[in-house]
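[1] build me a model:
(one chain, ligands or ions: 1)
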Amino acid sequence: MEDLVLRHDSGHVARLTLNDPTRFNVLSLEMIDALAEAFRQIESDEHIRAVILSAHGKAFSVGHDLRQMQASRSDEDAGRAAFERLFSRCAGMMQMIPALPQPVIAEVQGIATAAGCQLVAACDLAVAAETARFGVNGVDIGLFCSTPMVALTRAVPAKAAFELLVTGDFIDAERAQQLGLISRVVPAAGLSDEAMRLAQKIATKLPAAVRMGKRAFHDQLRLGLSDAYDSASGTICENLMLPDTNEGISAFLEKRKPAWASD
Ligand SMILES: C/C=C/C(=O)SCCNC(=O)CCNC(=O)[C@H](O)C(C)(C)COP(=O)(O)OP(=O)(O)OC[C@H]1O[C@@H](n2cnc3c(N)ncnc32)[C@H](O)[C@@H]1OP(=O)(O)O
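    Numbering: from 1, shown residues only. You can find the predicted model right below:
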């Protein structure tokens, strides 16, 4: 059987690709575990400075595998245990994304719905083809998508999130960008290049500053205003003490390009 998640490194950028195109990249338990394993390997890979999460085929992902879920239901007790395992493993995998030291860019070429949309929302950045579509349409089959809701409400305004959740309507890439679910929209033919350009740009920045910055970004989102400033102040002091940041500031003042010692 082919790997469900492919990894291809290009310089300091790791591209992960969901590779179950004939099943529209369903987030089956196996796909969730394969993604979690890929994230675990990247987490400890000091060489990697940015990650692209892309997908093969027509859909980015159509969410959890309804066939697998339906099969689990057949035994009521075992079914509930299987659902608990699925959602617990999925929540763990989704939370690995903000916890990764490297920024993760979703590259969305087609439909991203339900848990597939959750995956996009959980990424730090997202680039989409003009033809991509986004939705959380579980409600159409009687399933309010409460777990996708968690990432969605952290990515888009509450009323927009609730409308998607409660209507099951799909939105196009332009609307998804207006809402902040994705950060860039490009013609389909240029999608991979655009995601790579963005990843490579991030990879040229001081890696320690990006790692610290990503951690600080997510930490402060969980805090009240005063605690957020305390947390951010701690990070910026730590950042300023880095020798490479000293070099960055000196290089600016001396009108030259910085030469990072850690490069
Ligand atoms: C908390 C819960 C979270 C969740 O993630 S639960 C899962 C929620 N997901 C959904 O409800 C999405 C269901 N799928 C759809 O609504 C539609 O599909 C799409 C709008 C995504 C695409 O529509 P179209 O382009 O017309 O394709 P098509 O003919 O409906 O589907 C193609 C094949 O893909 C299978 N499929 C689609 N989604 C799923 C899924 N989530 N789990 C398992 N199979 C799925 C279909 O059955 C079919 O298969 P075949 O070609 O054999 O007839």
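
[2] please count neighbours and contacts with C-alpha atoms only from this point.
    Will do.

[3] quick one: contacts of stretch 190-197?
    Residues from elsewhere that reach stretch 190-197, judged by C-alpha atoms under 8 Å, 6 or more residues apart in numbering: 13, 52, 105, 107, 109, 127, 128, 129, 186.

[4] correct me if wrong: residue 136 contacts residue 162.
    No - contact between residue 136 and residue 162 fails when scored by C-alpha atoms under 8 Å: they sit 9.8 Å apart.

[5] flag every residue of the stretch 101-250 of the chain that's near the ligand.
    Contact residues, the stretch 101-250 of the chain versus the ligand (C-alpha under 6 Å from any ligand atom): 114, 115, 137, 138, 145, 146, 147.

[6] swap in 5 Å and give it another go.
    Neighbours of the ligand within the stretch 101-250 of the chain, by C-alpha under 5 Å from any ligand atom: 114, 115, 138, 145.

[7] what count of nearby residues applies to the last one?
    I take that to be residue 145. Other residues within reach of residue 145, judged by other C-alpha atoms under 10 Å, total 19.

[8] which residue, other than its chain neighbours, is closest to it?
    Distances taken as C-alpha to C-alpha, 6 or more residues apart in numbering place residue 138 nearest to residue 145, at 5.8 Å, with adjacent residues excluded.

[9] ok, that neighbour touching residue 114?
    Yes - if you go by C-alpha under 8 Å, residue 138 and residue 114 touch, sitting 6.2 Å apart.

[10] ok so, going back, any idea how far residue 149 is from the residue nearest to residue 145?
    For residue 138, the distance to residue 149 (C-alpha to C-alpha, to the nearest Å) stands at 11 Å.

[11] so what sits against both of these two?
    residue 165.

[12] picking that back up, and the residues of the stretch 101-250 of the chain next to the ligand, which two are furthest apart?
    By the measure C-alpha to C-alpha, 115 and 138 form the most distant pair in those, at 9.2 Å.

[13] neighbour count for residue 136 and residue 162, which is higher?
    The neighbour comparison of residue 136 against residue 162 (other C-alpha under 10 Å) goes to residue 136, with 33 against 16.

[14] kindly state the pLDDT recorded for the residue sitting nearest the centre point of the chain?
    By C-alpha atoms, centre = their mean, the mean C-alpha position of the chain lies nearest to residue 123, the distance being 1.8 Å. Here the pLDDT value assigned to residue 123 is 98.

[15] for residue 263, same thing?
    Here the pLDDT value assigned to residue 263 is 70.
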